[in-house]
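1. prediction below, plus the sequence it came from.
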Amino acid sequence: MDHDAASAPRVPWTVLVAPRRPEASVRPLSTRAVLLRLLGGLVAVLIAIGVLASFGAQWLAEREAVNDAANVTDVLADAVIRPALTTALADGDPDAVADFDRIVRDQVLGAAVTRVKIWNPEGRVLYADEQQLIGRTFELDDAQRAALETPSTRAAVSDLSEAENEFEDVDRLLEVYRPVWAPDGRQLLFEVYLPYEPVAARSAELWRGFAGVTTSSLLLLTVLVSPIVWGLLTRLRRGEVRRSELLQQAVDASDAERRRIAGTLHDGPVQELVATSFAAESAADAASRRGDDDAAVRLREVAGAVRGNIRVLRSLLVDIYPASLSDAGLAHALNDLTATVRTRGVTVELDVRTPLDDIDDERQRLLYRVCQEVLRNAVTHAAPCTVRIAVRDEDDMLVLEIADDGRGFDPALVERDPGDGHLGTRVLRDLATHAGAELSLATAPGAGTRWRLRVPPTETGSGVAS
């Protein structure tokens, strides 16, 4: 709107209803959408199963590899290491170490075993296939001490972060400890390292088996459930179509009932009142010709009152059923609406800057209802006054502004209690909320009243009750 309807200074806008998605914009049930969601859910489940299966397969493969490594170590300890141990080796004799090294390299080291060490309980390396470790002392970790204190075989996956592993060039190995005894009864610790690569291969094998069984089961379940899901979707679609038909029937019935009431009023009481006004005017003319001026004045007053009631009834007919909105469009309906209030002390000016015929039916009904309610409020609270109605497009939004130069009011009253004496304001709020539109108010005592409605593009399924 280019200029205000009132000469008083403008006041800031107060947003009564914030824009949001229309309440009625419920998309119809789509088989494709439901199937896509089911497919998406199935894919998500498969991905989750794949991830969980990967972790599970890794854990199981490591457990299997650790157990196998412990068994291999026990066999090596009993079959090779214990017979080769000597008292001289336990004492650290270089010749004994060299003899033991030849046995280890011939009978132990290979693809299945990559490292061998012999420790004494004090943490001294008596033998290692890595010669630079022989004779060095390291602090035994908890697993090593436990293997010595409670003679047992301890196996685990090692990240090779200990100082004794400084010469390793891989990230992980299978590490196994078990106690052995020298011929003189001294307890020693036998340690071997096995490669980690078989764990990855076994993990992949387990994952394929688990994922294959699970995926096959899910696909079979999907095939079995598909007819049930399809039947439910069919029933839901039929129910939705039926609900839509019932809703349309209810709307049509309401429209037909309003049309019937309007027709009954127009053809009955309105026509009778028109006839009564003509009869009263004729009687007034006859009384005037007889010289009975007093009776003529009273009869003309009666005729005027009847004509006033006719105008009220015709205005009510427009409120009940604005026929021109459905038959001739919003422009004619607004002209009819403004004509009904011009006789009640309200002057109306229209400023339309967008083709009203291009506006969809739902937004036309919304604009009409808002104009109807604001004009009703103006007649009740602001008359006599001038009202300017402007309609324009603004950034894909349809904007309706209605301004009057009446006495205005305190907007805080509406914000505190919109239902206390402001039924029209509550109706406007409901209309805007239902359409997902923004409703703003600018008013103050003595500054007139301005309403602004910003309506978003209509989505499928949204609408405004007529």
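-> Sure, I can see it.
2. give the other helices and strands that the longest helix along the chain contacts.
-> When the chain is parsed with DSSP state H, its longest helix is helix 197-265. Helix 197-265 is packed against helix 31-76, helix 293-320, with contacts defined by 3 or more C-beta pairs under 8 Å, 6 or more residues apart in numbering; DSSP states H and E. Where C-beta positions appear, they are placed from N, C-alpha and C, glycine not excepted.
3. give the rounded mean pLDDT of it.
-> What helix 197-265 shows for mean pLDDT is 79.
4. what about Val51, how many neighbours?
-> By the criterion of other C-beta atoms under 10 Å, Val51 has 10 neighbours.
5. any idea how far it is from Asp358?
-> 53 Å (C-beta to C-beta, to the nearest Å).
6. next one: Ser282
-> Taken as C-beta to C-beta, the span from Ser282 to Asp358 is 49 Å.
7. compare those two (neighbour count), which wins?
-> Ser282 (12 against 7).
8. distance check, the more buried one against Val302.
-> On the measure of C-beta to C-beta, Ser282 and Val302 end up 12 Å apart.
9. give me the low-pLDDT residue ranges for the stretch 351-466 of the chain?
-> Counting by pLDDT under 70, the low-confidence segments of the stretch 351-466 of the chain come to 415-424, 458-466.
10. now the helices for it?
-> 361-377, 411-416, 423-435 (DSSP state H, counting those that start in this stretch).
11. deepest-packed of those helices, please.
-> Using mean count of other C-beta atoms under 10 Å, the stretch among the helices of the stretch 351-466 of the chain with the largest mean neighbour count is helix 361-377, at a mean of 22.
12. now that helix against helix 293-320, angle please.
-> 150 degrees (axes from the mean of the first three to the mean of the last three C-alpha atoms, to 10 degrees).
13. other SSEs contacting helix 361-377?
-> Short answer (3+ C-beta pairs under 8 Å, 6+ apart): helix 361-377 packs on helix 323-327, helix 330-342, strand 385-394, strand 397-404, helix 423-435, strand 449-455.
14. give me that answer again for 6 Å
-> Helix 361-377 sits against helix 330-342, strand 397-404, helix 423-435, strand 449-455, with contacts defined as 3 or more C-beta pairs under 6 Å, 6 or more residues apart in numbering; DSSP states H and E.
15. quick check: which of those is nearest to Ala57?
-> Across the helices and strands packed on helix 361-377, the minimum distance to Ala57, taken as C-beta to C-beta, is reached by helix 423-435, at 54.8 Å.
16. could you name the helices and strands sitting against the closest one?
-> Partner elements for helix 423-435 (3+ C-beta pairs under 6 Å, 6+ apart): strand 14-17, helix 361-377.
17. what is the burial count for Leu16?
-> Count around Leu16 with other C-beta under 10 Å applied: 20.
18. distance of Thr449 from Asp255?
-> 31 Å.
19. ok, now Ile402?
-> On the measure of C-beta to C-beta, Ile402 and Asp255 end up 26 Å apart.
20. neighbour count winner among these two?
-> For Ile402 versus Asp255, the count of surrounding residues by other C-beta under 10 Å is larger for Ile402: 24 against 13.
21. how about that one: which residues does it bridge to?
-> Ile402 has these beta-bridge partners by DSSP bridges: Ile389, Trp451.
22. wait, what's in contact with it?
-> Taking C-beta atoms under 6 Å, 6 or more residues apart in numbering as the criterion, Ile402 is in contact with Val374, Ile389, Trp451.
23. circling back: so which of the helices and strands packed on helix 361-377 is nearest Val11?
-> strand 449-455 (8.1 Å).
24. ok, and what's touching that closest one?
-> Contacts for strand 449-455 (C-beta under 6 Å, 6+ apart): 363, 370, 374, 397-404, 408, 437-440, 442-443.
25. stretch 345-356 now?
-> 330-331, 338, 378-379, 383-384, 386-393.
26. and if you look at stretch 191-205?
-> So stretch 191-205 is in contact with 57-58, 61-62, 65, 69, 73, 113-117, 172-177, going by C-beta under 6 Å, 6+ apart.
27. I appreciate the help and will end here.
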